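Colleague: Provided below are the primary sequence and the corresponding predicted coordinates.
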Amino acid sequence: MAARGTAATAGDDGAAESSPRDVSFSLDELMPWSVRPLRTGRAWVSGPDPAALRARWERLAGAGPAEQERLFASTRSRTPRSSVAALPGRSAGTGRFARTPGPCPDPVRILHGPYDEQWLLPDHRLIDAARPELWRVADGRQLFAVEHGSAPEDPGPALSVTALLPDGHSPAGRPGRIRPLYRRPGGTEPNLAPGLPRLLRERLGGAEPDAFTPEAVLAWVLAAARPSATGPRVVLPADVEVWSSGVALGRELLRIQSRGARGGERPRLPGGRRPYVRAPLPARPAELVHDAASEALLVGDGRISPVPAAAWGFTVGGVRVLELWFGRRAAAAAGRAPDGTVPDGLEAVGARGWPREWTSELLELITVLALLDGTARARDELRARLETGPLIEPAELRAAGVLPVSPTARRPASVLGFQEEGPEGQFALL
């Protein structure tokens, strides 16, 4: 039976608190398999410049035992003498680093927190908690939903979607979960509550044939998710027109955020609104300022325009995205840690000023944020329709056997039909 109402908060286990007007769902109910954020354990294994990561590797691999121990920044989980398995799909060595470091692995592109594309050295010996289960299913068909930590009265989005491997970092200081769309490589076995797409198709009907695919359900979640103190909450409409408009909006959000992945086009603003470099950016810019009157972003002595105020003010978890992005790179260009201190370890290795690639990335980030803000009207209209229109209640999903989700759906799938290299070159079939 359809109902109107507002979303209630959820308990610590992700289940909604009992309330007669609770018609929302947690992501634990809709996308039950989730993974905690990556924990590198040492800041020097990732960063915005792949050349710096290679230089750090060479410095560490060539150091003597005592210096290598100091540079490595050992933790309880990892030291230069740790013996661990290879990351799935990666060719880095599995011998103890102190004995056989091997060649430097090619850095891989990752999403560091919301909207910040950085690089990571994909060597399991260097990472405290790399979440191998994510690497096993990361391929050209995969998409990852990443929850954002919430801040009081923050108008920013509740989650984002990326085709890159995300590390799950949260600017708000409370990282959320990472939820792959598919449980197996090749885009098979969707990570959705079993039976959910079928129920939606039967309940709503009358939509386009691809309106209830796994990607369509993810698009709805992206468009409709709202932040709460315990994680994003989503309602499901009982009106096929509302569903279709929400899916279309979510697909546009996905297109913008995926930045050309999976054969799509890179995001672009209309002519006349595209940001350009009006004055060259310095090698080591110290500050970032937005001039609202001229819609200009001042990067030290450099100048980029037009940069709309909405892109400058775009926040996630209460933190301004452009300022956070710039602060990380300004520190790296100056050979400093993100907190401004002067590191005496590998974080100081590889600083080479402001490369041209960062300017291109900054222009694209401005474009992404401006385009996301451009969907604000459509998001407000969807929210208004959901507040007044009929909704599918949790009781209907329970009656259909979609909820509660079985414990098996919350665990990683057994995905391997091939061998992965274990510690010290051994093999195991999982």
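Modeller: Done, it's in.
Colleague: Run the chain-centre distance for whatever helix or strand Gly246 lives in.
Modeller: Secondary structure here is read from DSSP states H and E; on that basis Gly246 sits in helix 240-258. In terms of Cα atoms, centre = their mean, to the nearest Å, the gap separating the centre of helix 240-258 from the centre of its chain is 18 Å.
Colleague: Give the next helix or strand downstream of that helix.
Modeller: Next in sequence after helix 240-258, counting helices and strands by DSSP H and E, comes strand 276-279.
Colleague: The helix holding Gly246: which residues count as buried?
Modeller: By neighbour count, with 16 or more other Cβ atoms under 10 Å as the criterion, the buried positions of helix 240-258 are 242-258. In this view, the C-beta of every residue, glycine as well, is placed from N, C-alpha and C.
Colleague: residues making contact with stretch 199-215?
Modeller: Under the criterion Cβ atoms under 8 Å, 6 or more residues apart in numbering, residues 143, 181-182, 187, 190, 192, 197-198, 216-217, 236-240, 243-244, 247, 251, 254, 392, 396-397, 400, 402 lie in contact with stretch 199-215.
Colleague: export it as CSV, just CAs?
Modeller: Included here for stretch 199-215 are C-alpha records, laid out as CSV according to Å, rounded to 0.1, in the frame of the first residue of the first chain:
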residue,chain,number,x,y,z
LEU,A,199,9.4,-5.8,-7.6
LEU,A,200,9.9,-2.3,-9.0
ARG,A,201,9.1,-3.5,-12.5
GLU,A,202,6.0,-5.3,-11.5
ARG,A,203,4.9,-2.5,-9.1
LEU,A,204,5.5,0.4,-11.4
GLY,A,205,5.5,-0.9,-15.0
GLY,A,206,4.8,1.3,-18.0
ALA,A,207,8.4,2.6,-18.1
GLU,A,208,11.2,2.1,-20.7
PRO,A,209,12.7,-1.4,-20.9
ASP,A,210,15.9,-0.2,-19.2
ALA,A,211,14.2,1.6,-16.4
PHE,A,212,14.8,-1.1,-13.8
THR,A,213,18.3,-2.3,-14.7
PRO,A,214,20.8,-2.4,-11.8
GLU,A,215,22.3,0.9,-13.2
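Colleague: In contact with Val137, which residues?
Modeller: Pro180, Tyr182, Arg183, Arg184, Pro185, Val415.
Colleague: and which of the residues you listed is nearest Gly231?
Modeller: Taking Cβ to Cβ as the measure, Gly231 sits nearest to Pro180 out of these, at 16.6 Å.
Colleague: Trp33 is in contact with that closest one, correct?
Modeller: Yes: with contacts counted by Cβ atoms under 8 Å, Pro180 reaches Trp33, the gap being 6.9 Å.
Colleague: shared neighbours, those two?
Modeller: Asn191.
Colleague: got the phi/psi numbers for Ala51?
Modeller: For Ala51, the backbone dihedrals (degrees, to the nearest 10) come out as phi -60, psi -40.
Colleague: Would you mind measuring from Gly300 to Leu382?
Modeller: Taking Cβ to Cβ, to the nearest Å as the criterion, Gly300 is separated from Leu382 by 40 Å.
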